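Visitor: sequence and predicted structure, then a few things I'm wondering about:
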Amino acid sequence: MSAGGRLSTLVRTRITYTGESYQFALEALKNAGNPTPLPDSTGDQALLESQVLSKLGDGGSWSAHPVGIAGVRLSPGRPTVAYLDSHVELSQGEDYPVAWHALDRLLPYTEADIQVGGVLGLRIAAIRGNDLHLTLAETESRLIVRGVPGTKWEDYLDDRWKDLVRAHAAPLWQSPSFTDLERQDEQSHPLVRGTEKDIAWVGAGLLRRIALFHSSSSAYSTRSWITGSEWIFELDTRRDVRLDHDTLLARLTDPVWGLPLRVAERHCTCDDPPLENDRYMRQCTYELAHSDGPGCGLQFRFRWGRAAYGKDARKQLERLGADTGWLDRVLPGDTRGSRAEAAS
C-alpha cells in the first residue's frame with residue numbers, strides 16, 4: 001500500500017473512533033509524532049471527561065447519537081471538544097436542547113440531607129460562542145462542550161439556577177473552589193468518589209472513542225449507569241437485525257487504537273437455541289479488565305429481542321436528526337421483524 005493509501009486508511013480508522021471530520025483527522029495524523037494512537041488523558045483531566053460521559057449516559061433519553069454526543073475532536077496540547085446533538089427526548093416524551101439537558105445533568109447542586117447532584121467540583125471556565133469550557137475546581141483540567149449553532153448557554157445557565165432556587169436547592173458551580181458541601185459529600189461517600197477516580201481512565205478513554213457506539217455497534221439504544229463499583233453499558237439490538245458485539249469489543253480492545261482492555265469474562269448466547277417466546281430477550285454479557293491487571297468494573301450487556309423502549313424508536317430518532325444510513329442499519333423500517341413488532 002502506498003504512503004497516501006495507508007494515511008487514508010488511518011484517517012478513516014480514526015474517524016470510526018472519534019467522529020471527527022476527514023480533514024481534521026487528516027491534519028491531526030499528519031502533525032502527530034506517532035500517527036496511530038489516539039491521545040489519552042490521566043489524572044484530573046481523565047476524571048473530568050469520565051464524569052461528563054457518565055452523567056450524560058445515565059438515564060432514559062433519545063438523541064441522534066448515543067448519550068447525545070455526535071463526536072469528539074482530539075488535539076495534543078489542546079482541550080478535548082465534545083460535539084453535542086441538537087435535541088434530546090426524555091422519558092416524559094418531550095424534546096429539550098441537549099445543551100440544556102447537559103447542564104441539568106452536569107452542574108453541581110445540593111438539597112438538604114441529599115448528596116451532591118451533578119459532577120462534584122464542576123465549574124464553568126468560560127463561554128465562547130457555542131462552546132462551554134468546563135473544568136474541575138482547583139485543577140488545570142479543561143473540556144469544551146460544543147453546542148449546535150445558536151446555543152444560548154447563558155440563558156440555559158440562568159434557567160437552571162432559577163429552577164434550583166425554586167426547588168429550595170443550592171447551586172454550587174459559581175464558587176471558584178470546592179465548597180464545604182462538596183467536601184463534606186466527598187468525605188461522606190468515600191466508596192462512591194473512590195470508584196469515580198478508579199475508573200476515570202476508562203470513562204475518559206470511552207469519551208475519546210465515543211463514535212464507536214455509533215459506527216461499530218448493531219444497537220439502536222445505548223444506555224449506561226454506574227452501580228457500586230461497576231460501570232454498566234446496555235446496548236439493545238432489535239431482533240430483525242443481526243446482533244454484532246464482536247466489532248465493538250474488538251475495536252475497544254485494539255492494541256493500537258483501543259484502550260488497554262481485555263475480555264475477562266464472557267457469557268454469549270448467540271449460538272443458543274431459538275427462544276420459545278418472542279417477548280423474551282437474549283443477552284450476551286462481557287466483563288472487561290485492564291490488559292495487565294484485574295477487572296476495572298466495566299461490563300457490556302448486549303441485548304437482542306423486541307424493541308425494549310417502544311415501537312416508534314425510528315420515528316423518534318429521525319425526528320431528532322439521526323443519520324438515515326445508520327437508521328437503515330440498526331432500525332430497518334421495512335422488514336418483517338419491524339412490522340411484526342408494530343402488530344404485537
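Guide: Sure thing, it's come through.
Visitor: Provide the secondary structure category for the spatially closest residue to residue 283 that is not a sequence neighbour.
Guide: Nearest in space to residue 283, with sequence neighbours left out and distances taken as C-beta to C-beta, 6 or more residues apart in numbering, is residue 303 at 5.0 Å. Any C-beta I mention is one placed from the backbone N, CA and C, and that applies to glycine too. Secondary structure assignment for residue 303 (DSSP: H, G, I helix; E, B strand; the rest coil): strand.
Visitor: surely residue 303 touches residue 282?
Guide: Yes - applying C-beta atoms under 8 Å, one finds residue 303 in contact with residue 282, separated by 7.0 Å.
Visitor: distance of residue 21 from residue 241?
Guide: As for residue 21, its distance to residue 241 is 28 Å (criterion: C-beta to C-beta, to the nearest Å).
Visitor: out of the two, which sits in the more crowded spot?
Guide: Using other C-beta atoms under 10 Å as the criterion, residue 21 and residue 241 rank with residue 241 on top: 18 against 13.
Visitor: for residue 182, see how far away that one is.
Guide: On the measure of C-beta to C-beta, residue 241 and residue 182 end up 44 Å apart.
Visitor: again, but for residue 131
Guide: Using C-beta to C-beta, residue 131 is found at 25 Å from residue 182.
Visitor: likewise residue 140?
Guide: Distance check for residue 140 against residue 182: by C-beta to C-beta, it reads 18 Å.
Visitor: comparing the two, which shows the higher neighbour count?
Guide: For residue 140 versus residue 182, neighbours defined as other C-beta under 10 Å are more numerous around residue 182 (19 against 9).
Visitor: residues contacting the more buried one?
Guide: Residues near residue 182 by C-beta atoms under 8 Å, 6 or more residues apart in numbering: 108, 116, 120-121, 137, 172.
Visitor: and residue 104, how many neighbours?
Guide: Neighbours around residue 104, by other C-beta under 10 Å: 20.
Visitor: typo on my end, residue 5
Guide: Residue 5 has 9 nearby residues by other C-beta under 10 Å.
Visitor: can you tell me the SS state at it?
Guide: Following three-state DSSP, we place residue 5 in the helix state.
Visitor: so residue 18 makes contact with residue 71?
Guide: Yes - contact between residue 18 and residue 71 holds when scored by C-beta under 8 Å: they sit 5.9 Å apart.
Visitor: and these two? Which one has more around it.
Guide: Using other C-beta under 10 Å as the criterion, residue 18 and residue 71 rank with residue 18 on top: 24 against 21.
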